[in-house]
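Student: Build me a structure from this.
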Amino acid sequence: ACYEETGIMIDPHTAVGLYAAMQSMETDPAVPMVILACAHSAKFPDAVKQATGFAPPAPTRLSSVLYKAEHYTPLPNDLEKVKDFIKTKVRN
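Tutor: Now for the predicted structure:
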């Protein structure tokens, strides 16, 4: 619906947020609403194709990273340990 009405292609996560916002606005349209895009729609070509009938083209900057190895560090559910980890990664 977003694409049909506006020509703007959104990713599935943003679509969920948009849907929730639209439901909320039906309850009280006077409440200001902001919806943030979570990702580029080309990151989810299969889901977008299922919803719209076509997969969005990936911009060069996205296609160059989509198939690179993913790197992550599992962390415990401990706020202080997460803060400490971030501090070790921040460059001053």
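Student: Check which residues of the top helix by length along the chain are buried.
Tutor: When the chain is parsed with DSSP state H, its longest helix is helix 12-27. For helix 12-27, burial by neighbour count (16 or more other C-beta atoms under 10 Å) applies to 12, 14-15, 17-18. C-beta coordinates here come from the backbone N, C-alpha and C atoms, glycine included.
Student: can you give me the helices in the protein?
Tutor: So, for the chain - with DSSP H - the helices run 2-6, 12-27, 45-52, 60-63, 79-89.
Student: next one: the third one to chain centre, how far?
Tutor: If I follow you right, that is helix 45-52. 14 Å (C-alpha atoms, centre = their mean, to the nearest Å).
Student: Can you list the neighbours in contact with it?
Tutor: By C-beta atoms under 8 Å, 6 or more residues apart in numbering, the list of residues contacting helix 45-52 from outside reads 3, 9, 11-12, 15, 41-42, 54-56, 58.
Student: Please point out which parts of it sit buried.
Tutor: 48, 51.
Student: do the shortest one as well
Tutor: Buried residues in helix 60-63, counted by 16+ other C-beta under 10 Å: none are found.
Student: Pull it out as PDB, backbone CA atoms only.
Tutor: Only the C-alpha atoms of helix 60-63 are listed here, as PDB (Å, rounded to 0.1, in the frame of the first residue of the first chain):
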ATOM      1  CA  THR A  60      25.800  -0.200  -5.300                       C
ATOM      2  CA  ARG A  61      26.700   0.600  -1.700                       C
ATOM      3  CA  LEU A  62      24.300  -2.100  -0.500                       C
ATOM      4  CA  SER A  63      25.100  -4.800  -3.000                       C
END
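Student: Give me the contact list for it.
Tutor: Residues contacting helix 60-63 (C-beta under 8 Å, 6+ apart): 40, 42-43.
Student: Which strands or helices does the longest helix of the chain pack on?
Tutor: Applying 3 or more C-beta pairs under 8 Å, 6 or more residues apart in numbering; DSSP states H and E, one finds that helix 12-27 makes contact with helix 45-52.
Student: per-residue confidence averaged over the helix it packs on?
Tutor: For helix 45-52, mean pLDDT is 92.
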